[in-house]
Each structure stands twice: as structure tokens, then as C-alpha cells.
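Q: After the sequence you'll find the predicted model.
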Amino acid sequence: MAATPKSMNFNNMDDIRRSGFQGFVAITALRTSKCHEVPDERGVYLVLRSKKAQPVFLSQSTGGHFKGKDLTVAVNQLEKSWVENSLVLYIGKAGGTGRRVTLRSRICLYMRFGQSESVAHW
């Protein structure tokens, strides 16, 4: 849940909080709780990376395959797309007109993909 796009600034955690985002929970905690602390409603979510170290990109994705397709992205493409010092890895939206998807269901799908399950969120 966030402020209007023109007021968003993602340079640091204070900026993200001022933009209206709340409820920051580590992936490990979400796995343990099965996302029960995530609201079961529509909204916008961020996947953040708190580490400052340079990422290590894998040549083979450990995520799931979708409809039998390997979704691995080439290391050089990942390196080219990487934004130095960015906290935000992903901005997602759950729900919309006529959709029942919620923040909880969408984030759970995202995490299941990361655990090598075949789901429609990669």
C-alpha cells in the first residue's frame, strides 16, 4: 500500500516508509508464518534487498519452471540490468479490477517460485 507515484522516492528505507509502505518482513519470517502477517487484500508490494554487497548471479535459476519452461536469465543480462545501490528489486501489484489476487496470495506465489515450484509468478 503506497502513496501516489509522483511522491515515491526509493533511495533509502525512510523514503520508502514516507511513500506509504509498511510491514517489512524478511523472507525467512514469511516462510515460517506462511505469509499470515501479510494483509489478505489488494495492493502494491516491494521486494527489497538490504545487503550492500555486489550480488552474485547464478548461471542457472534455482526458481521453478513455468509450464515446463526454464526461466533462467543470462548472467550478462542480469549484470547489465542491475541498478547499483538499489534497495528495490521488484515492485508488484496484487489484484485489480475483477481479480481476486491479494497481497498474501501473490507474495506466497513469488516465494513458492523461489523454492523451485512451478507457479505463475517469476
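A: Nice, I can see it.

Q: Please tell me the pLDDT value assigned to Cys108.
A: On pLDDT, Cys108 comes in at 89.

Q: from now on call the first residue 501
A: Okay, residue one is now 501; in that scheme the one you just asked about reads as Cys608.

Q: helix or strand for it, which one?
A: Assigning secondary structure by DSSP states H and E places Cys608 in helix 603-614.

Q: Helix or strand with the lowest mean pLDDT in the chain?
A: Here the helix or strand of the chain ranked lowest by mean pLDDT, DSSP states H and E is helix 603-614, holding a mean of 87.

Q: hmm, who's touching that helix?
A: Residues from elsewhere that reach helix 603-614 (Cβ atoms under 8 Å, 6 or more residues apart in numbering): 527, 530-531, 534-536, 538-543, 545, 547, 562-564, 566, 590, 592, 594-595, 619-622. Where you see a C-beta, it was placed from the backbone N, CA and C, and this is true even at glycine.

Q: Distance from the chain centre to it, please.
A: Distance of helix 603-614 from the chain centroid (Cα atoms, centre = their mean, to the nearest Å) equals 9 Å.

Q: Which of the contacts of helix 603-614 fall in helices?
A: Those of the contacts of helix 603-614 mapping onto helices are Ile527, Leu530, Arg531, per DSSP state H.

Q: Return the members of those residues classed as buried.
A: Using 16 or more other Cβ atoms under 10 Å as the burial test, the ones in helices among the contacts of helix 603-614 include Leu530 as buried.

Q: could you dump the ones in helices among the contacts of helix 603-614 to JSON lines with distance to Val601 and pLDDT?
A: JSON lines is the format used below for the ones in helices among the contacts of helix 603-614 (distance: Cβ to Cβ, whole Å; pLDDT from 0 to 100):
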{"residue": "Ile527", "distance to Val601": "20", "pLDDT": "90"}
{"residue": "Leu530", "distance to Val601": "17", "pLDDT": "92"}
{"residue": "Arg531", "distance to Val601": "20", "pLDDT": "90"}
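
Q: Count residues in the vicinity of the nearest residue to Leu530 once chain neighbours are set aside, would you?
A: In space, and not counting its chain neighbours, Leu530 is closest to Met611: 6.3 Å by Cβ to Cβ, 6 or more residues apart in numbering. Applying other Cβ atoms under 10 Å, we find 18 residues neighbouring Met611.

Q: Thanks again, I'm all set now.
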